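Q: Got a predicted model here, sequence first, then my questions.
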Amino acid sequence: MKALVTAAAVAFENLLIPICALLASLLLFGMFLACLGNDPFEVFHTMYRGGFGSLFSWRNTLERAAPLMLTALCTALPAQLGLIVIGGEGALVAGGLVAAMTGLVCGSFAPWFVLLAMLAAAIVAGGCWIAMTGWLKYYRGVNETIASLLFNYIAIALLNHLVTGPLRDPQSLNKPSTPPIGNANMLGDMPGLGVHWGLMFGLSACIVFYVIFFRTTFGFAVRIAGGNLRAAKIVGLPVGRLTLITCFAGGAAAGLAGGIEVAAIHGTANATLAAGYGYAGILVAFLARQNPLAVIPVALILGGINASAGLLQRTHHLPDAAVQILQGMIFMMVLFSETYYGRLQALFESRRAA
Amino acid sequence: MNTLAGGQQTGQVFDSSHSPVALEVIGLSKRFGALPALEGVSFRLWQGSFHALLGGNGAGKSTLVKCVMGYQPADHGTVLIGNRECVIESARDAHRHGLGMVYQHFTLVPDMTVLENLVLSRLPIPKMIAWKKERQRLETLIAETPFRIPLHKKAGELAAGEKQKVELLKQLFLQPKILILDEPTSVLTPQEADGILGMLKERTRSHGLTVLIITHKFREVMNYADAVSVLRRGKLIYSGPLAGNTPAMLAELMIGNETIARIGERTRAEKGPVKLAINHLSADSDTGALAVDRLSLNLHGGEIVGIAGVSGNGQRELVQALSGQRKPDQGGICIDDLPYAATRREMARFRCNCLPEEPLRNACVPRMSLAGNLALRTFDRPGFTRWRWFIDAKAQKEHALELIERYRIHPSEPGRRIETLSGGNVQRLVLARELSGQADLLVVANPCFGLDFAAASEVRKQLMQARNNGAAVLLVSEDLDELLELSDRIAVMFEGRLIYEAPIAAVDLDEIGLKMAGH
């Protein structure tokens, strides 16, 4: 009974604190809007309309939430090992770039094969990208946060180098891009929804990785190593291998996001791949307390906020960056709220004692 | 009972009737949630006395001194120092009233040198630090003590025994009137402990220092204390002069009517075949210095080999190499004549388990539940999995409930996080995990560190039982009494090598002492 109450308190806390952090950042953003001379309530209403108000805005939100789910996993999975990896942007770019290149190489095969090859290549590319960070961390002791951040710059620079140089399509004048993979090879929409298949990939990745990391022996081993490296070694767990696999899984998710962006949205690889999904994914992972299942609703909220940017621009003449300011505020509030975990449970216990 | 206990008693017999009261505690109470840790404890500390505070695990000794030091606020009660009521809310307040304390857990900054750590503890810390002057002052202070501490070394590189000495130096440096020590000798050799306690005892006579010491070792109480207080489950059972008490009487006061496990008979005289063979093993320490130096040792089934030595002579690295926490640089480990690389499969196959020191830090996942921690070895074995790859949480929980009951782990909630348990219960949990499946090879390091008497003899009993069942046990310990009690063979480790080895019947204590010091 007592254990049950404690578990309930923990669950309640895991829900309450992120929600409070979200509300606090909305309050802060409201004050910011008021200072700019906008009515915050009107703006919030517009944001709601832009994100969730109509079928059109829902589609918009879902298409943005899909890559966020995948890039959030890039932070949430290594977090089970106690690693803070923020290389989702780099893995996404690497995945997108390699997917576009694969599309060009096997463009003459059947469309289903081209698509499959593109997505598989994106998974491998993104996975290897973050696995390198894991390798540096475990075998060479390099800080994984810094390494993955720097890897982002490398990936973006590599993308820019290739699309403005050797891989540039001479037809792309204003926006240097790789040659298009061709309409026939694009990833289509899910029947009846009007949203591309990326959403299905995002949802299933979150669920599958939740099961793997929280229900299997592999996941248990990962969480042992994440909780105490020494204890993991004393019971003989292959920590190096666990690190590589987990980082590969996280990177593969983000790489797949890049592949889907190319295959479903852009049709080519260009600088717009680095649109910030990787960075927003870090935010989603932290808001979701690194839980793959919680990533799904959080990605929807963040996707909605992103989707409303256009409408905010049109109706309130707020700059595009306004939404990014809100995201920044949310991130700060989430990090700040981390310090409050554990207090509620203590409060419960002292209440019952008194 | 102890041959190492010489006539260490210094000075005359202490007479409390002529001394003023240095510290008085009246009606101190403290609860943690629903759990009462202290209930109306009152006692007096006479100036210039050496006062021992005894009690079992969780009796409230640490809580009592932490309340006095202002480290935790008490719920009720007052503290008088020199007959004046004092409100102590921080270390700074305590220092102002002349109180100093050496805590059970180390409080050194690992990345700083010993010198920096010692200067850091100065109150108030000077705005500008004249390093040369500080170093000179410290060197003269250290010269007064029996310790030899390298000032330039980083605190994190020191072995437990050396750290404890630095903690003590830190306090002596501040020159307190009342010094409280929480199990200061648990990581020291008897000679080192005698050195420290003898020096403190002398200070009580020469400087009027008052010492309150928490300890589990009766030898120290009998040799050094003037007065003794005994706590049991948060209540003061006895407080008064030591004279007239025997260790047996004190033990009875501490434990009440709880039964104590007997060590158990040593059965099976003949040794089994060689279980563990270590061949010219070398391993580096964290700093890259050679810690284990071409060490060789054979360990048979059905015997306990004790490794003695002053801490910091490579014992930690040896245990880490055997338990898979450290990669050996050279040489090999063989079990049953097969090479052993400490992989999970080999551990399961050779039934090779380990009880490392500081179990919460080395062998548990603090934020995981008791059930999870109990399953660290078994979670991927048949019977604990479903469909081969999935965790069977129900099996884990049932297994945990059984072990919790068998090993009397408290509180008995499998879903509770292990970091909320007391040290003795964490040790019991690790013991339950490592010993419950039949173990063939056990690597054990300081298993009774910080455990009270009842818990310690329980652990020793279990080790003896494992040996009698045919397990090969390698026992690395800094407690010589424990080694003498349990071992079939004793070896002394010095600077990474074994420089003495003898069966227990042929052991010469003086020679062990000399070998430990490297002679």
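A: Arrived safely. Numbers count the residues shown, from 1 in each chain, chains lettered A, B, ... in the order given.
Q: A:Phe218: what's it in contact with?
A: A:212, A:242, A:245, B:389 (Cβ atoms under 8 Å, 6 or more residues apart in numbering or on different chains). Quick note: C-beta positions are derived from backbone N, CA and C, even for glycine.
Q: now swap in B:Asp488 and tell me
A: B:Asp488 neighbours (Cβ under 8 Å, 6+ apart): B:266, B:271, B:303-305, B:467, B:503-504.
Q: Could you identify the most distant pair in the contacts of A:Phe218?
A: Spatial extent of the contacts of A:Phe218 (Cβ to Cβ) is set by the pair A:Leu242 and B:Trp389 at 14.7 Å.
Q: Look at these two and report which has more neighbours.
A: A:Leu242 (23 against 13; other Cβ atoms under 10 Å in any protein chain shown).
Q: so where does that one fall, helix or strand?
A: According to DSSP states H and E, A:Leu242 maps onto helix A:239-260.
Q: In space, not sequence, find me the middle residue of chain B.
A: B:Phe449 (2.7 Å; Cα atoms, centre = their mean).
Q: Quick check: residues of the stretch 101-250 of chain A near chain B?
A: Within reach of chain B by Cβ under 8 Å from any Cβ of the partner chain, the stretch 101-250 of chain A has these residues: A:215-221, A:223-224, A:227-228, A:230-231, A:233-238.
Q: from these, which ones fall inside strands?
A: If you go by DSSP state E, those have nothing in strands.
Q: Write the ChimeraX selection for whichever of the residues you listed are buried.
A: If you want just the buried ones from those in ChimeraX, going by 16 or more other Cβ atoms under 10 Å in any protein chain shown, the selection is:
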select /A:216,217,218,219,220,221,223,224,227,228,230,231,233,234,235,236,237,238
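Q: before we move on, back to that, report the buried members of the contacts of B:Asp488.
A: Buried among the contacts of B:Asp488 by 16+ other Cβ under 10 Å: B:303-305, B:467, B:504.
Q: ok, of the residues you listed, which one's closest to B:Met128?
A: B:Val305 (53.7 Å).
Q: Let me see the contact set for the residue lying closest to the closest one once chain neighbours are set aside.
A: Computed as Cβ to Cβ, 6 or more residues apart in numbering or on different chains, the closest residue to B:Val305 that is not its neighbour in sequence is B:Arg489, at 4.8 Å. Shown in contact with B:Arg489 (Cβ under 8 Å, 6+ apart): B:303-306, B:501-504.
Q: Residue of the stretch 151-300 of chain B nearest chain A, please.
A: Proximity of the stretch 151-300 of chain B to chain A (Cβ to the nearest Cβ) peaks at B:Asp286, 11.7 Å away.
Q: So that residue: helix, strand or coil?
A: Recorded secondary structure, B:Asp286: coil (DSSP: H, G, I helix; E, B strand; the rest coil).
Q: Kindly report the same for the one 10 residues further on.
A: With three-state DSSP as the basis, B:Ser296 sits in strand.
Q: so how far is B:Ser323 from it?
A: Per Cβ to Cβ, to the nearest Å, B:Ser296 is found 18 Å from B:Ser323.
Q: ok, back up a step: tabulate the contacts of A:Phe218 (JSON lines), appending pLDDT and distance to A:Thr272.
A: What follows is those, written out as JSON lines (pLDDT from 0 to 100; distance: Cβ to Cβ, whole Å):
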{"residue": "A:Ile212", "pLDDT": "97", "distance to A:Thr272": "32"}
{"residue": "A:Leu242", "pLDDT": "97", "distance to A:Thr272": "35"}
{"residue": "A:Ile245", "pLDDT": "97", "distance to A:Thr272": "31"}
{"residue": "B:Trp389", "pLDDT": "92", "distance to A:Thr272": "40"}
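Q: Kindly indicate which of these lies nearest B:Val230.
A: Looking across those and measuring by Cβ to Cβ, the closest to B:Val230 is A:Leu242, at 48.8 Å.
Q: who are the neighbours in contact with the closest one?
A: A:81, A:218, A:221-222, A:225, A:232.
Q: Then A:Ala322?
A: A:309, A:312.
Q: For it, give me the pLDDT.
A: We have a pLDDT of 87 for A:Ala322.
Q: Show me what B:Leu53 is bridged to.
A: For B:Leu53, the beta-bridge partners are B:Ile214, B:Ser229 (DSSP bridges).
Q: Just give me the neighbour total for it.
A: 28.
Q: Is it in contact with B:Ser62, as I believe?
A: No - judged on Cβ atoms under 8 Å, B:Leu53 makes no contact with B:Ser62 at a distance of 9.6 Å.
Q: Find residues that contact each of these two.
A: B:Ile214.
Q: okay, and the helix or strand of chain A with the least pLDDT?
A: helix A:343-353 (a mean of 63; mean pLDDT, DSSP states H and E).
Q: higher neighbour count, B:Ser296 and B:Ser323?
A: B:Ser323 (24 against 12).
Q: who touches the nearest residue to that one once chain neighbours are set aside in this structure?
A: Excluding the flanking residues, the one nearest B:Ser323 by Cβ to Cβ, 6+ apart is B:Cys354, at 4.1 Å. Contact analysis of B:Cys354 by Cβ under 8 Å, 6+ apart lists A:234, B:319, B:322-323, B:363, B:434, B:442-444.
Q: Serialize those residues to TSV and add fields for distance to B:Lys154 and secondary structure.
A: Listed next are the contacts of B:Cys354 as TSV, based on distance: Cβ to Cβ, whole Å; DSSP: H, G, I helix; E, B strand; the rest coil:
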residue	distance to B:Lys154	secondary structure
A:Ile234	25	helix
B:Val319	21	helix
B:Leu322	26	helix
B:Ser323	24	helix
B:Ala363	25	coil
B:Glu434	32	helix
B:Leu442	32	strand
B:Val443	27	strand
B:Val444	28	strand
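Q: and of those, the nearest to A:Ile146?
A: Nearest member of the contacts of B:Cys354 to A:Ile146, counting by Cβ to Cβ, is A:Ile234, at 28.8 Å.
Q: Understood, closing this out.
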